[in-house]
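Engineer: Generate coordinates for the sequence data below:
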Amino acid sequence: MKNLLLAKIAPDELAALRPHMEELTLDVGYQLIKPREPIRDMYFPTTALASLVTVLEDGATVEAGCVGHEGMVGMSVLLGAESTPMQTVIQIAGQIIRIKSSVVKDLYDRRRSFHDLANRYVHTLFVIASQSAACNRKHQLNQRLARWLLMSSDGIGSDEVGLTHEYLAAMLGVRRPGVTEAAQALQSQGLIVYKRGGVRIVDRRGLEKAACECYQLVRGEFEKLFR
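Structural biologist: Numbering: from 1, shown residues only. Model prediction:
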């Protein structure tokens, strides 16, 4: 199972979900969850990466977190909410598993092991969101870009991160020239190679050193979740 969260579910619980799984290939920008609309499906990325995005009144967007093959999209349903003001969109195209929200919610309510696993994942999402808020407020753009590239790479299990500067700017809540300058600085240090429409990480250890402490903190939470 390519999705790490599904892989950690007990075999009998996973067997109950399998008949309801639908594997899709989705393009960049596809909206998994629309603000204030009913959440009818939950999604488990395998090679795609989704962004949890806050949309402001003027249309500006800031990423609160990302979900790759370590997690699932649509957690609000498990917590009793039918919708959310946040938007979730595909950030990196790829494959994803879709399951009806009612099916996942029923398993969550009936089976204690899945209930506990999902709750621990919710905790991890809270840590990511709160750390992202602090990071966006206090850390330099170069550090934030390094953190974001590492988390995106982890989420898809690849050093090839297919993203444009325009999209990076929208997710980081800054202007495009700032992202270009930050990417050039990381490239000049031999940490990444930027090409049209994508970034390749060539020195992961060096990029981790260039990132702020937020990356290691978040990775530590995922390691505890899947330990």
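
Engineer: Show me what secondary structure element comes after the biggest helix by length in the chain.
Structural biologist: Longest helix of the chain, by residue count under DSSP state H: helix 112-138. Using DSSP states H and E, the next helix or strand after helix 112-138 towards the C-terminus is helix 141-156.

Engineer: For the lowest-mean-pLDDT helix or strand in the chain, enumerate the helices and strands it packs against.
Structural biologist: Across the helices and strands of the chain, mean pLDDT, DSSP states H and E gives its lowest value to helix 165-172, namely a mean of 76. When contacts are defined as 3 or more Cβ pairs under 8 Å, 6 or more residues apart in numbering; DSSP states H and E, helix 165-172 sits against strand 61-67, helix 141-156, helix 176-188. For glycine as for every other residue, the C-beta is placed from the backbone atoms N, C-alpha and C.

Engineer: quick check, distance from it to the centre of its chain.
Structural biologist: 15 Å (Cα atoms, centre = their mean, to the nearest Å).

Engineer: Just the angle for it relative to helix 141-156, thanks.
Structural biologist: Taking axes from the mean of the first three to the mean of the last three Cα atoms, to 10 degrees, one finds that helix 165-172 is oriented at 100 degrees with respect to helix 141-156.

Engineer: Looking at the helices and strands packed on helix 165-172, spot the one closest to F114.
Structural biologist: strand 61-67 (17.7 Å; Cβ to Cβ).

Engineer: Give me the residues contacting that closest one.
Structural biologist: 45, 49-56, 73, 86-88, 91, 125, 128-129, 132-133, 136, 148, 151-152, 155, 170-173 (Cβ atoms under 8 Å, 6 or more residues apart in numbering).

Engineer: Using neighbour counts, give me the buried entries of those.
Structural biologist: 45, 49-54, 73, 86-88, 91, 125, 128, 132, 136, 148, 151-152, 155, 170-172 (16 or more other Cβ atoms under 10 Å).

Engineer: Tell me which helix or strand the closest residue to S83 other than its chain neighbours sits in.
Structural biologist: Nearest non-adjacent residue to S83, counting by Cβ to Cβ, 6 or more residues apart in numbering: R36, 5.2 Å away. Secondary structure assignment for R36, by DSSP H and E: no helix or strand.

Engineer: Would you mind confirming that R36 makes contact with A81?
Structural biologist: No: the criterion here is Cβ atoms under 8 Å, and R36 misses it with A81 at 10.8 Å.

Engineer: So which other helices or strands are in contact with the helix or strand hosting E13?
Structural biologist: Assigned by DSSP H and E, E13 belongs to helix 11-17. Applying 3+ Cβ pairs under 8 Å, 6+ apart, we find helix 11-17 packed against helix 101-110.

Engineer: tell me the angle of the helix it packs on relative to helix 112-138?
Structural biologist: Using the same axes, to 10 degrees, helix 101-110 lies at 110 degrees relative to helix 112-138.

Engineer: Give me the mean pLDDT for helix 101-110.
Structural biologist: The pLDDT scores in helix 101-110 average 96.

Engineer: The protein - how does it break down into domains?
Structural biologist: 4-134, 140-211 (automatic domain parsing).

Engineer: First-to-last residue distance for the first one?
Structural biologist: The stretch domain 4-134 measures 27 Å between its terminal residues, going by Cα to Cα, to the nearest Å.

Engineer: With stretch 12-29 instead?
Structural biologist: So stretch 12-29: terminal residues 34 Å apart, Cα to Cα.
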